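In: what's the 3D shape of this:
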Amino acid sequence: MRDKRYRSIIKTISWRVTGTIDTFLVSYLVTGEIGVAASISVVEVFTKLLLYYLHERVWNKVKIGQEKIEPDYQI
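Out: Residues are numbered from 1 along each chain as shown. Got it, this is the predicted structure:
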């Protein structure tokens with residue numbers, strides 16, 4: 001079964017929200033500066049959105065660990 005593109009987009013956004021909060025907190029703990037942490041988080045959110053989406057689409061083409069599920073009925 002293949003995921004549709006919009007599913008990958010929704011998963012990308014939810015993961016990025018989680019990741020950006022983490023990046024902000026770590027950046028703030030390291031620098032002690034809210035402005036610097038926010039700047040790092042803003043840049044990071046855009047680069048990682050694109051990278052995650054592309055990663056997800058590539059893995060949808062990889063067959064390792066997938067099995068085809070046959071329906072229990074016949075038409």
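
In: Any figure for the gap between the residue nearest the centre of the chain and Lys61?
Out: In the chain, the C-alpha nearest the mean C-alpha coordinate belongs to Thr12, at 3.5 Å (C-alpha atoms, centre = their mean). Taking C-beta to C-beta, to the nearest Å as the measure, Thr12 falls 17 Å from Lys61. All C-beta atoms are positioned from the backbone trio N, CA, C, and that covers glycine.

In: same check, this time on Tyr53
Out: In terms of C-beta to C-beta, Tyr53 sits 14 Å off from Lys61.

In: try Pro71
Out: Counting by C-beta to C-beta, the gap from Pro71 to Lys61 is 23 Å.

In: can you check Asp3 too?
Out: The gap separating Asp3 from Lys61 is 11 Å, by C-beta to C-beta.

In: residues making contact with stretch 56-71?
Out: For stretch 56-71, contacts defined as C-beta atoms under 8 Å, 6 or more residues apart in numbering pick out Met1, Arg2, Asp3, Arg5, Ser8, Lys11, Thr12.

In: Could you say which helix or strand holds the second one?
Out: This points to Arg2. Arg2 is part of no helix or strand when elements are defined by DSSP states H and E.

In: Next one: the closest residue to it other than its chain neighbours, what pLDDT does it get?
Out: Nearest residue to Arg2, sequence neighbours excluded (C-beta to C-beta, 6 or more residues apart in numbering): Asn60, at 6.1 Å. For Asn60, the model assigns a pLDDT of 86.

In: Tell me, how many residues neighbour Asn60?
Out: Per other C-beta atoms under 10 Å, the neighbour tally for Asn60 reads 15.

In: Distance check, it against Gln74.
Out: Distance from Asn60 to Gln74, by C-beta to C-beta: 28 Å.

In: where's Asp3 relative to Glu44, distance?
Out: 25 Å.
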